[in-house]
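Participant: sequence-free structure coming up:
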DNA sequence: CATGAATGAGGGTTCATTCAT
DNA sequence: TATGAATGAACCCTCATTCAT
């Protein structure tokens, strides 16, 4: 996969875009024929590029992670206190939620190297933000990066029977309440977390 | 469905139990043969009792709603302030989360009468709890029953690649933060909700 | 498979007959759809009865062995000296050669119990005939049962590009020369055989 | 095919070698991709050199015939009586049997000119050997060149489930008995042959 | 009523063949 | 000329559904 011929590269992009849409609309079990049709390529091309469903899911997942990490970087670059950063991250994520396939913690995709690399970058950045938040008294101390990843995955998960706007509104409201819940005032400690770092993947 | 023969009734229960388990393990698209096998009945029997997938999903959904409503009633009966009631409801729900198929707002199941009846009962009870919460200054004013239903559905959704305990821990932590976010102090207003009552269903 | 329903049994026979024909016409890689069509059953029925190609090949093989054993028994029952018995066996086999799927020595089917049982019966019967032949000076001493099985398999193998009569004539002529070669007069010893009993299967 | 560029010629040889191996290992229906891969050329190159499967089979067949003819010539050159010649021919053939794709009588390849030319040369040479054999009383009179070609094809056919040595041993033993059967002493006449010259081809 | 056999539509996958690079 | 990407027909197999026992 070092360098792909120009047309092959274009096809790869079209397939990934189609898969992302259809995964969200109908789940990751969607028919390969349909993905190929929407991408405008032959079924054989899809199989040449992605020999099995797992590899397609993997690559869509990687893209989701990359978007998430980009949102995080952008939010931090925009400045503001730690809470403002978190709000901005989630605003961006919810905004794109139906172009995103946000991995949940755990699953086979975890074994992929690129996925792990992205995961680590995200965990590190979030840990930093949370650390700042704690230092400035804006964020409760018992919340960790995996809680935030879980929350992001939850509000990104498809709600197949709702119109896009309704789903987005519900996700935004849920997010707002959750973020408000991150503030320390009067908080009782959270239940223990186990070791969430053992898992990270798509739904 | 007025009165079923004793053995027929037993079969119905076995099928529903098997479906509930398999829906959670592998999704609602699971093969009917497998449901029949796990239930220990013939495939013909399954079809006699549930002529199509929709009707099976519907009945499992109804059971989920009934559990939710029961949890709600039990929590209210246990007494305590409104916030204590909500905490107790969610504690019960998370506890049973992998025996529950919790419907999200919206979807075809909405057209069923029994489902609507349960939905209304749940909405009414939640509205009452929230009303009390507002009156006592424990709960922010801009949260409605559908936000809570959404939250409950979210934390109940399957996380197929995680061991039960890990999923339950994540759900409990998420719930705790969310509930803490329901308190009014320092809250900024939520984004608008549209009309969520137009939808109610399973994932 | 203890007792099959009457119609299921009939279908099984039709499938086996179709498979036998098509295996001979086009090889064991023939399309399952075609087998089902020729048998006059649905593809699903074929799969229910024979979950994979191996099991279908196995059962056709068993039938081939059974025919071979039957030919052997009939020939021995018909009486005559050992050489007359062998001639009669091969005459019968060549006669039915295009209804037969004659296993060659070696292959995965060997692991099947029924196949091994038939193999042993055939080997024993042939060993007896050869023993008699040796005793009466009609058959050379260095030929064993596996040589005869090999010869039978060879003359039964399909010759796809020849009309049935031409194939049968060539097989009959080859057989006649081979059997003539079994007589001891002037024979030089055969090359060593290794351990042929380690193998037995279809082509 | 007048004169091929040096590298093109090399490619042609590599493809033929790969095809010969794979035909024997997995049959003539083997995937073209696999042949190209084993030959170390692109699939396009394979198609440029052999526009269809038939032409590839034809050329492998021609090579088989050429080897057979060479074995025949070498055996005759080695001298000895007619029977010694036949024994030497078959010894050589069996020895190389798993590098040989030996055509059976009949089939589409027959229409190729080079194939017919080789066939005629082989038939003529065998006829001569048999004629000598008859004259010297070493070979029965009712055997013709096509019987020998059939025998050679039979003992060369792949036995996919047997290790090379086992297959070779069985073939050598079968050949020895068959050749012994060619001697006239006490022979009963063979069944009639039809007109075998109407057919000649690969399995 | 319960059972499980039969059916065939549809989705998964391979591979022969063409064609752009 | 060599390459390998793209294509789609054809085969494999599962499974929802019907129906005979």
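Facilitator: Okay, I see it. Note that the structure is a prediction, hence the values are computed from the model and not measured.

Participant: Report the residue ranges of every domain in chain A.
Facilitator: A:1-51, A:53-198 (automatic domain parsing).

Participant: Need the winner for burial among the ones you listed.
Facilitator: domain A:53-198 (a mean of 19; mean count of other CB atoms under 10 Å in any protein chain shown). Where you see a C-beta, it was placed from the backbone N, CA and C, and this is true even at glycine.

Participant: and that one, what's its mean pLDDT?
Facilitator: For domain A:53-198, the mean pLDDT works out to 88.

Participant: ok so, going back, indicate which one of the domains of chain A is closest to DNA strand F.
Facilitator: Closest to DNA strand F of the domains of chain A, according to CB to the nearest atom of the strand: domain A:1-51, at 2.1 Å.

Participant: check whether that closest one contacts chain D.
Facilitator: No. With CB under 8 Å from any CB of the partner chain as the criterion, chain D is not reached by domain A:1-51; the gap is at least 11.5 Å.

Participant: so how far is that domain off the chain centroid?
Facilitator: 20 Å (CA atoms, centre = their mean, to the nearest Å).

Participant: Look at the closest residue to residue A:29 other than its chain neighbours and give its secondary structure.
Facilitator: Spatial nearest neighbour of residue A:29, excluding adjacent residues (CB to CB, 6 or more residues apart in numbering or on different chains): residue B:29 at 6.6 Å. Assigned by DSSP: H, G, I helix; E, B strand; the rest coil, the conformation of residue B:29 is coil.

Participant: Do a quick rundown of the helices in chain A.
Facilitator: Counting by DSSP state H, the segments of chain A that form helices are A:6-26, A:32-39, A:43-49, A:53-77, A:82-95, A:113-135, A:145-156, A:164-181.

Participant: Help me confirm that residue A:73 comes into contact with residue A:124.
Facilitator: No. Contact criterion CB atoms under 8 Å: residue A:73 and residue A:124 do not qualify, at 11.7 Å.

Participant: who touches stretch A:169-176?
Facilitator: A:90-91, A:94, A:97, A:151, A:154-156, A:159, A:162, B:105, B:143, B:146-147, B:150-151, B:154, B:178, B:181, B:188, B:190-194, B:196 (CB atoms under 8 Å, 6 or more residues apart in numbering or on different chains).

Participant: If we use 7 Å, what do you get?
Facilitator: Identification of contacts with stretch A:169-176 by CB atoms under 7 Å, 6 or more residues apart in numbering or on different chains yields A:90, A:94, A:97, A:155, B:147, B:150-151, B:154, B:190-194.

Participant: From the chain's centroid, how far away is that stretch?
Facilitator: 16 Å.

Participant: Stretch A:77-86 now?
Facilitator: The answer for stretch A:77-86 is 19 Å, by CA atoms, centre = their mean.

Participant: Kindly report the same for stretch A:156-163.
Facilitator: Worked out by CA atoms, centre = their mean, stretch A:156-163 lies 15 Å from the chain centre.

Participant: What residue in chain A comes nearest to chain D?
Facilitator: residue A:48 (11.5 Å; CB to the nearest CB).

Participant: Specify which member of the contacts of stretch A:169-176 is nearest to residue A:54.
Facilitator: Of all the contacts of stretch A:169-176, residue A:97 has the smallest distance to residue A:54: 23.8 Å, by CB to CB.

Participant: That closest one and residue A:168 touch, don't they?
Facilitator: Yes. If you go by CB atoms under 7 Å, residue A:97 and residue A:168 touch, sitting 6.4 Å apart.

Participant: returning to what we had before: among the helices of chain A, which comes closest to residue D:80?
Facilitator: It's helix A:43-49; of the helices of chain A, that one is closest to residue D:80 (CB to CB) at 58.6 Å.

Participant: Residues contacting the closest one, please?
Facilitator: By CB under 7 Å, 6+ apart, helix A:43-49 touches A:11, A:12, A:15, A:32, A:33, A:35, A:36.

Participant: is it up against DNA strand E anywhere?
Facilitator: Yes. Residues of helix A:43-49 are located near DNA strand E by CB under 7 Å from any atom of the strand, namely A:43, A:44, A:47.

Participant: Could you confirm whether that helix reaches DNA strand F?
Facilitator: Yes. Residues of helix A:43-49 contacting DNA strand F under CB under 7 Å from any atom of the strand: A:43, A:44, A:45, A:47, A:48, A:49.

Participant: Appreciated, that's everything.
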